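Asker: After the sequence you'll find the predicted model.
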Amino acid sequence: MAMLYFMDVPEVAVIGPGIFIVPGGALITYSVLTRETSRKYAMNKIRAAFYALSIGLILFGFFTAITARFSTGEIYIAIASLMVFFLAGIGLFLFLILTGSDRRKEI
């Protein structure tokens, strides 16, 4: 995206490759949570998948907002498209955070 920013292309074309950040962020979240370390146990795979889904929804909300802003030029359309995915992702994330259990190992 940084390379396309400095080229003479429309802003929407610059933002387009940013969609790869969404599955990348979700995959990194899932892989970090399902990995057991010396201090913490690995998280349940289904719960980690829900965390990855919530992070993916939040990132997709930002992506759609930026894309809508540059394609239409109107900020209220960007905010409306952000709210749909961002609120769902934040709601799921808060549910998971508030219902989680302690995964720390006894040292």
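Answerer: That came in fine, so what should we check first? Numbers count the residues shown, from 1 in each chain.
Asker: neighbours around residue 54, how many?
Answerer: Per other CB atoms under 10 Å, the neighbour tally for residue 54 reads 22. For glycine as for every other residue, the C-beta is placed from the backbone atoms N, C-alpha and C.
Asker: and it, what helix or strand is that in?
Answerer: According to DSSP states H and E, residue 54 maps onto helix 45-72.
Asker: buried residues in that helix?
Answerer: Using 16 or more other CB atoms under 10 Å as the test for burial, helix 45-72 gives 48-70.
Asker: And for stretch 84-92?
Answerer: Buried residues in stretch 84-92 (16+ other CB under 10 Å): 85, 86, 88, 89, 92.
Asker: my guess is the third one meets residue 57, correct?
Answerer: Yes: Residue 88 is in contact with residue 57 according to CB atoms under 8 Å; the separation is 5.3 Å.
Asker: Which parts of the chain are helices?
Answerer: Secondary structure of the chain by DSSP state H: the helices cover 2-5, 11-15, 21-33, 45-72, 75-98.
Asker: Quick check: mean pLDDT of the last one?
Answerer: Just to be clear, that refers to helix 75-98. Regarding helix 75-98, the rounded mean pLDDT is 96.
Asker: helices and strands around it, which ones?
Answerer: Using 3 or more CB pairs under 8 Å, 6 or more residues apart in numbering; DSSP states H and E as the contact criterion, the elements in contact with helix 75-98 are helix 45-72.
Asker: helices or strands up against the helix or strand bottoming out on mean pLDDT in the chain?
Answerer: Sorting the helices and strands of the chain by mean pLDDT, DSSP states H and E puts helix 2-5 at the bottom, at a mean of 76. Here helix 2-5 touches helix 11-15, going by 3+ CB pairs under 8 Å, 6+ apart.
Asker: How about residues contacting the helix it packs on?
Answerer: With CB atoms under 8 Å, 6 or more residues apart in numbering as the test, helix 11-15 has contacts from 1, 4, 5, 63, 66, 67, 70, 71.
Asker: Is it possible to get CSV of those that adds distance to residue 34?
Answerer: Shown next, in CSV, are the contacts of helix 11-15 (distance: CB to CB, whole Å):
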residue, distance to residue 34
1, 28
4, 33
5, 34
63, 25
66, 30
67, 31
70, 35
71, 36
